[in-house]
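J.: Here is the input, now give the coordinates:
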Amino acid sequence: MKFATLIPRFAHIVPASIGCALLVVRGLLLAVPADAQIVTDLHDFNAGAGEPYNFNVTRLAQACDGNFYAESNSGGNGNGTVAQISTSGSVNVILNFNGTDGSNEVGGMTLGTDCNLYGNTWSGGTSGQGITFKITTAGVETPMHNFTNTGDGDNPANALILGNDGNFYGTSNGTETIYRVSPSGTFKTLHSFGITFGGGQLSWGGDGNIYGGMNDGGTSNFGFLYKMTTSGSVTVLHNFTGTDGAIGSPGMTQASNGLFYGTGQQGGTNNAGVVFKISSAGAYTLLHSLNGTSDGKQALVLLLATDGNFYGEAVQGGTGSCGTIFKVTPAGAFNVIYTFDGTHGCTPSGYLTQDTDGKLYGLTIAGGAHGNGTFFSLDLGLKPFISLQSTSGKVGSTVGILGQEFSSSSVVKFNGVQATKTVLTGTTYITATVPAGATDGYVTVTTGATTLTSTKTYIVHNSWSAGKAMPTPVWYPAGVGVISGQIYVVGGYPTSGYSVPLADTQIYNPVTNTWSSGVALPTGTAQGVAAVVKNVLYVIGGTTDGKTQTNAAWAFNPKTKTWSAIAAMPTASADPGVAVENNIIYVIGGYGSGLRLNTVQSYNPATGKWTTEAPLLNGKSEPSVGLVGTTIVAADGFTSSGGDNGDNEGYNASTNTWSSLKADPTARNGACAGSTGAQLYVAGGYPAGGPGTPAFKTNESFSVGKNTWTTLAPLPQVTVFAGATVDNGLLYCIGGVDAYEGNLLSNVQIYQP
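T.: Predicted structure coming up:
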């Protein structure tokens with residue numbers, strides 16, 4: 001090869017802005033635009049030399065050894081291969097499929113937490129209809145499932161996705177199904193669409209659902225977008241019409257703003273494909289229609305890179321008629337950043353992958369020196385980072401971490417707390433045990449003067465963290481509720497003893513960890529309850545003087561920023577519990593007229609009317625109340641029989657009946673409580689007693705389905721009569737006192753179930 005041909009071969013430059021810098025390529029000094037994206041052709045595949053080729057719709061998987069692994073559709077024995085590809089471009093075939101163990105690979109590989117790789121073949125296997133398999137980096141393959149099209153579909157395609165439950169989820173394409181398979185090979189069909197060759201790539205949403213797109217079907221037969229629970233329940237989010245896109249097989253990728261971004265391979269203004277965004281509720285926005293020429297045509301899967309932007313490829317079009325690489329911002333700005341020219345690759349084959357070195361890597365199935373495609377990198381100037389093999393677990397869990405230039409002196413920290421147990425494997429993989437005291441946050445690995453940070457936060461389950469302290473600490477607030485992700489703490493006592501209640505509204509933003517002042521309640525109030533229905537905050541009952549119970553009720557409209565009085569409760573009550581079921585507010589028990597009340601009063605915001613429901617089995621004040629499934633649980637509380645006995649009851653709103661449940665082993669009242677998922681969480685509180693009786697740290701959960709209590713990580717600070725609410729799956733315990741009429745607390749304690 002002549003030296004002149006090496007210049008474009010090893011450093012093909014795409015201008016990005018005006019300005020100039022210098023680049024040395026094999027001794028040749030080149031002038032390049034400042035901030036340019038550098039595409040480097042790292043390897044030209046050569047079928048004539050026995051190399052793998054035709055990496056069709058393939059995702060590169062970075063493995064624990066730092067290399068990439070991919071499936072080729074051709075090469076080897078004619079059935080395709082699994083190839084190891086280094087970031088420098090060296091290629092090593094680790095498996096030649098023979099048909100019986102798979103053939104015609106499609107979709108690419110997925111790294112498992114065991115450092116094995118998992119993938120599909122379109123055909124081959126015992127029935128000739130494809131397999132799902134795992135393979136070690138040494139090339140030892142284990143078939144996991146042979147498809148037979150007897151309820152399991154056939155011709156699996158697209159890359160598997162790894163769930164937090166440790167299982168893999170994928171699609172079979174001949175008769176479109178979505179399935180789950182464990183690392184040991186246990187297989188289950190979750191949903192069948194009844195569409196032939198319609199399926200696409202799956203992705204995970206932050207809500208725990210699976211998201212994907214179909215090529216066919218839908219109301220206009222242009223395909224559709226959907227979400228699916230892990231049990232197989234499907235909700236259609238959007239039906240393509242052709243003008244707004246078609247063929248949704250590339251699927252969707254979720255951004256940090258919670259929206260999903262994706263592509264349709266066809267449709268749009270020029271029938272060349274589209275880029276779109278969509279909410280988890282189905283609000284669809286067409287961001288860009290590819291023009292079929294300079295933009296490219298037939299867009300593929302979007303990659304969310306560490307700069308917060310999306311990068312994708314178009315199979316065809318571009319000025320070289322060989323496809324393009326483009327960038328899409330979260331706001332929807334579209335920009336072509338590279339055009340394939342044939343010499344350095346043609347027809348990109350599916351996925352861009354970001355390595356932990358910060359660069360993007362990809363494959364083409366045509367072009368290059370031998371016409372069999374290329375392996376290339378795209379340098380956007382992004383910094384190296386670490387990738388977590390799992391993003392949640394309890395203290396004591398082991399987490400695999402992929403990165404760069406690790407050593408025996410590398411220090412791993414979980415949100416600033418150092419892991420004391422780590423195991424190093426090579427320079428690109430390290431495992432760490434989640435240390436005691438770790439909380440939700442980013443993971444870092446420091447080696448010498450270099451610190452690499454994870455791209456995602458690690459969620460430490462069954463753990464407590466702290467938010468910014470309250471500006472004005474209170475106990476026994478009038479109520480706490482969440483409006484649009486912000487926590488409203490209304491009223492309460494500003495001193496450790498009973499006093500004139502405040503009317504202040506203090507607002508905590510969990511995202512920014514900041515407090516602000518809201519519109520004050522018209523009347524200072526403490527010992528009430530709050531509930532939110534359709535983004536309106538209701539504050540009900542309590543006391544306005546620290547002595548006399550009130551039946552007053554108020555509604556706050558965040559749009560008008562005004563409070564208004566609503567119909568009063570039939571029975572005045574302080575210290576009740578509250579729950580919302582089917583948009584009806586239930587105020588449960590409390591104290592009034594010298595009694596622990598058994599009254600249950602429901603309020604319908606739609607009609608503005610109160611209804612007296614079936615009473616509690618035992619009257620009680622300061623109960624721990626939450627909606628678990630369809631059951632309102634009212635646990636603990638100071639009972640009418642005197643003191644705390646852990647009484648626990650469940651209410652069925654549809655039958656208006658109460659039933660006894662297993663008593664709380666830690667009898668208490670005034671706890672910080674709330675429900676999330678299938679559990680009621682009860683933290684802190686105190687046993688009946690006079691001034692100075694200390695509060696608990698005890699934290700427990702109650703399962704209605706199992707009728708059992710489970711002891712959990714204790715509160716960091718003993719607390720009673722705190723403000724309590726649940727937001728985004730987290731239990732917030734705000735303020736309170738450390739004993740009955742004890743020291744006032746300003747802390748915000750946050751529990752991650």
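J.: can we go C-alpha only for contacts and neighbour counts from here?
T.: Noted.
J.: Endpoint to endpoint, stretch 44-58 covers what distance?
T.: Start-to-end span of stretch 44-58 (Cα to Cα, to the nearest Å) is 16 Å.
J.: buried sites along that stretch?
T.: For stretch 44-58, a neighbour-count test (16 or more other Cα atoms under 10 Å) marks 44-47, 51-58 as buried.
J.: what separates the residue nearest the centre of the chain from Phe168, distance-wise?
T.: Nearest residue to the geometric centre of the chain (Cα atoms, centre = their mean): Gly206, 2.2 Å. Separation of Gly206 from Phe168 (Cα to Cα): 17 Å.
J.: Now do the contacts for the closest residue to Pro348 other than its chain neighbours.
T.: Distances taken as Cα to Cα, 6 or more residues apart in numbering place Thr364 nearest to Pro348, at 4.0 Å, with adjacent residues excluded. By Cα atoms under 8 Å, 6 or more residues apart in numbering, the residues touching Thr364 are 55, 345-349, 373-375.
J.: what pairs with whichever strand or helix holds Phe276, and is each one parallel or antiparallel?
T.: If you go by DSSP states H and E, Phe276 is part of strand 274-278. Strand pairing for strand 274-278, determined by DSSP bridges: strand 260-264 (antiparallel), strand 284-289 (antiparallel).
J.: Deepest-packed of these, please.
T.: Mean neighbours per residue, mean count of other Cα atoms under 10 Å, is largest over the strands paired with strand 274-278 for strand 260-264, with a mean of 29.
J.: and for that strand, what are the contacting residues?
T.: Residues outside strand 260-264 that contact it (Cα under 8 Å, 6+ apart): 245-255, 273-280, 298-302.
J.: Among those residues, name the ones in strands.
T.: Taking DSSP state E as the definition of strands, the contacts of strand 260-264 contribute 252-254, 274-278, 298-299.
J.: if we can go back for a sec, which residues touch the strand holding Phe276?
T.: 244-245, 259-268, 284-290, 299.
J.: what about Val532, distance to Gly608?
T.: When distances are taken as Cα to Cα, Val532 and Gly608 turn out to be 14 Å apart.
J.: Neighbour count: the two, which is higher?
T.: Val532 (20 against 10; other Cα atoms under 10 Å).
J.: From Thr422, how far off is that one?
T.: 45 Å.
J.: Which stretches in the stretch 51-200 of the chain count as helices?
T.: Taking DSSP state H, counting those that start in this stretch, the stretch 51-200 of the chain contains no helices at all.
J.: swap in the chain?
T.: Listed in chain order, the helices of the chain (DSSP state H) span residues 6-10.
J.: Can you give the domain ranges for it?
T.: Domain ranges of the chain: 1-59+301-382, 387-459, 463-752, per automatic domain parsing.
J.: Find the nearest non-adjacent residue to Ala281, please.
T.: Distances taken as Cα to Cα, 6+ apart place Leu237 nearest to Ala281, at 6.7 Å, with adjacent residues excluded.
J.: hang on, I meant Val580
T.: Counting by Cα to Cα, 6+ apart, Val580 lies nearest to Tyr586, which is 6.1 Å off, once chain neighbours are set aside.
J.: can you count the residues close to that neighbour?
T.: Using other Cα under 10 Å, Tyr586 has 24 neighbouring residues.
J.: Tell me the pLDDT of Arg596.
T.: In this model, Arg596 is scored at 96, pLDDT.
J.: My error: substitute Pro8 in the last question.
T.: Confidence for Pro8, expressed as pLDDT, is 26.
J.: One more: the one 4 residues further on?
T.: Here, the pLDDT recorded for His12 equals 29.
J.: Of the buried residues of stretch 44-58, which is the nearest to Thr446?
T.: Within these, the smallest distance to Thr446 is 32.8 Å, found for Thr58 (Cα to Cα).
J.: Contacts only, for the closest one.
T.: Neighbouring residues of Thr58 by Cα under 8 Å, 6+ apart: 70-71, 106-109, 158-159, 349-351, 363.
J.: in the stretch 151-300 of the chain, which spans are strands?
T.: Assigned by DSSP state E, counting those that start in this stretch, the stretch 151-300 of the chain shows strands spanning 156-162, 168-172, 177-181, 187-192, 203-204, 210-214, 224-228, 234-239, 252-254, 260-264, 274-278, 284-289, 297-299.
J.: nearest to Tyr338, of those?
T.: Nearest of the strands of the stretch 151-300 of the chain to Tyr338, taken as Cα to Cα: strand 297-299 at 13.7 Å.
J.: what is the mean pLDDT for the closest one?
T.: 95.
J.: Would you mind pulling up the elements that it packs against?
T.: Helices and strands touching strand 297-299, as assessed by 3 or more Cα pairs under 8 Å, 6 or more residues apart in numbering; DSSP states H and E, comprise strand 260-264, strand 310-316.
J.: got a markdown table for those strands, with mean pLDDT and distance to Gln549 too?
T.: Output for the helices and strands packed on strand 297-299, formatted as a markdown table (pLDDT from 0 to 100; distance: least, Cα to Cα, whole Å):
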| stretch | mean pLDDT | distance to Gln549 |
| --- | --- | --- |
| strand 260-264 | 97 | 49 |
| strand 310-316 | 97 | 57 |
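J.: Quick check: which of those strands is nearest to Asp664?
T.: With Cα to Cα, the closest approach to Asp664 among the helices and strands packed on strand 297-299 belongs to strand 260-264: 42.3 Å.
J.: angle of the closest one against strand 224-228?
T.: Here strand 260-264 runs at an angle of 140 degrees relative to strand 224-228 (axes from the mean of the first three to the mean of the last three Cα atoms, to 10 degrees).
J.: quick one: strand 260-264 to chain centroid distance?
T.: Strand 260-264 sits 17 Å away from the centroid of its parent chain (Cα atoms, centre = their mean, to the nearest Å).
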